[in-house]
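Asker: turn this into a model:
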Amino acid sequence: MFESFIGVNPWTALFILLNTLALVYVMKLFLFVPVKNMIDARQEEIDTMYDEADAARANALEMQAEYQEKLEDARAAGERILREATARGQSREEEIIRQANAAAAAIMEKAGADIEQEKKKAVNDAKNEISGLAMAIAGKVVGRELTDADQSDLIDSFIDGLGDGV
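Answerer: As a prediction, the model looks like this:
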């Protein structure tokens, strides 16, 4: 009667239910468990990869900090070397200028001494030439031979007259 009312045989329904349970058990045993194990293994790989990536990032940050520190040290060393080189260059520049000034002063002093010597030589040459001319002129004007004392007095008075004009 139940069968006629519903149209399903209870034994067939029970058999279908048992088959479904058996199929679920077999699928769980051969499909769900291996798939779950594969998913768990893959999740474990992913977690390991994330851990390695985090470790690599931490290592990279540490290396970056170390690099920055070395870069700052290098900059500081470069600035120190530049300051030292500049100081040495300025010191050398001052030394060269001092030597050049000393050499220029020595050249000027030597040139002054040479000029003074040449001036004295020129005056002496002029005195000798003028004295010779003066003697010749005086001899012709006076018409007689002058003594050495007369000659000296005439030359000195003539040169004194020239010295006032110079």
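Asker: gap between the most centrally placed residue in the chain and residue 156?
Answerer: Centre of the chain computed as the mean C-alpha position; nearest residue by C-alpha atoms, centre = their mean is residue 82, 5.8 Å away. For residue 82, the distance to residue 156 equals 72 Å [C-beta to C-beta, to the nearest Å]. In this view, the C-beta of every residue, glycine as well, is placed from N, C-alpha and C.
Asker: go ahead and list the helix or strand containing the residue nearest to the centre of the chain.
Answerer: helix 33-142 (DSSP states H and E).
Asker: give me the next element, helix or strand, following that helix.
Answerer: In N-to-C order, the element after helix 33-142 by DSSP H and E is helix 148-165.
Asker: and that following helix, what's buried?
Answerer: By neighbour count with 16 or more other C-beta atoms under 10 Å, helix 148-165 contains the buried residues 151, 154-155, 158-159.
Asker: related to what we said a few turns ago, relative to residue 69, how far out is the residue nearest to the centre of the chain?
Answerer: 20 Å.
Asker: also residue 58?
Answerer: Taking C-beta to C-beta, one finds residue 58 at 17 Å from residue 69.
Asker: just the CA coordinates for stretch 23-32, please, in PDB.
Answerer: The C-alpha trace of stretch 23-32 is given here as PDB (Å, rounded to 0.1, in the frame of the first residue of the first chain):
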ATOM      1  CA  LEU A  23      29.700   5.400  -3.000                       C
ATOM      2  CA  VAL A  24      30.300   8.300  -0.600                       C
ATOM      3  CA  TYR A  25      32.600   6.100   1.600                       C
ATOM      4  CA  VAL A  26      34.500   4.900  -1.500                       C
ATOM      5  CA  MET A  27      34.700   8.500  -2.800                       C
ATOM      6  CA  LYS A  28      35.900   9.700   0.500                       C
ATOM      7  CA  LEU A  29      38.400   6.900   0.700                       C
ATOM      8  CA  PHE A  30      39.800   7.300  -2.800                       C
ATOM      9  CA  LEU A  31      38.900  10.800  -3.800                       C
ATOM     10  CA  PHE A  32      38.300  13.200  -1.000                       C
END
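Asker: mean confidence for it?
Answerer: Averaged over stretch 23-32, pLDDT sits at 91.
Asker: thinking again about what came up before, per-residue confidence at the residue nearest to the centre of the chain?
Answerer: 95.
Asker: contacts only, for it.
Answerer: Applying C-beta atoms under 8 Å, 6 or more residues apart in numbering, one finds that residue 82 lies in contact with no residue.
Asker: same thing with the one 10 residues further on?
Answerer: When contacts are counted by C-beta under 8 Å, 6+ apart, residue 92 touches no other residue.
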